[in-house]
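S.K.: structure for the following, please:
(one chain, ligands or ions: 1)
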Amino acid sequence: MPPEPSRSVQLADTVSALLYGIAGWLLVGLGAFGILVTVLRVVGNPASTNIVASLVVVLLSALFVVAGVLVNPRFRRRLDRRHSVTRFGRARSVDERVLRASEGRTERCVTCGTRLHEGLVRRYRDEFCVAGIPVVTLSEGRNFYCVDCATVEVTGDVASDDVVVDPATASLNDLDQR
Ligand SMILES: [Zn+2]
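M.R.: Numbering: from 1, shown residues only. As a prediction, the model looks like this:
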């Protein structure tokens, strides 16, 4: 197993995800506020408002909303899981991540039945998609694999050291493409 990142790195990751989340919501809020105020002003008093200036404000606000969505780690993960743009309705997806001993969980390997604290988590999702982007999660299930079974699962072969999922670099996105 590769060495675990230190506690300070984990803390920094958590804090940065939180800050990105806050920045994202602030941008979305600011953008939505800008659009709302401008629309209300144009509708309330169409004669005295500058339509061009209002359009510019609405466009900038829309950019804020888009930037806010892109910056938010939760939305980004959803975007990472997107299907093709023509996909509407139910879609199934599978992703994998490494379960670390530091998460303090005890699970049972679905293949060999041994108890495990670290290994591989494979998550199955049944989601409702609009234009390929998962909007609602209809159902979700997890399978756990111990390190030995995970190695066989991932490589399709007996244990070898050269194809190991590296938790430091593996994201949901690149695991999806495996
Ligand atoms: Zn196993």
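S.K.: which bits of this protein sit near the ion?
M.R.: Contact residues (Cβ under 5 Å from the ion) of the chain with the ion: 109, 111, 112, 146, 149. The way it works is simple: take the backbone N, C-alpha and C, and place the C-beta from them, glycine included.
S.K.: a markdown table for those residues, including pLDDT and neighbour count?
M.R.: Shown next, in a markdown table, are the residues of the chain next to the ion (pLDDT from 0 to 100; neighbours: other Cβ atoms under 10 Å):
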| residue | pLDDT | neighbour count |
| --- | --- | --- |
| 109 | 94 | 19 |
| 111 | 92 | 15 |
| 112 | 94 | 12 |
| 146 | 94 | 22 |
| 149 | 91 | 19 |
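S.K.: farthest-separated two in those residues?
M.R.: The two members of the residues of the chain next to the ion with the most space between them (Cβ to Cβ) are 111 and 146, at 7.6 Å.
S.K.: can you get me a residue count around residue 28?
M.R.: 19 (other Cβ atoms under 10 Å).
S.K.: correct me, but it touches residue 71?
M.R.: No: Residue 28 is beyond contact range of residue 71, at 9.2 Å (criterion: Cβ atoms under 8 Å).
S.K.: quick revisit: which ones among the residues of the chain next to the ion map onto strands?
M.R.: The strands, defined by DSSP state E, take in residue 146 from those.
S.K.: got a list of what residue 83 touches?
M.R.: Contacts of residue 83 were listed using Cβ atoms under 8 Å, 6 or more residues apart in numbering, and they are 91, 93, 129, 132, 134.
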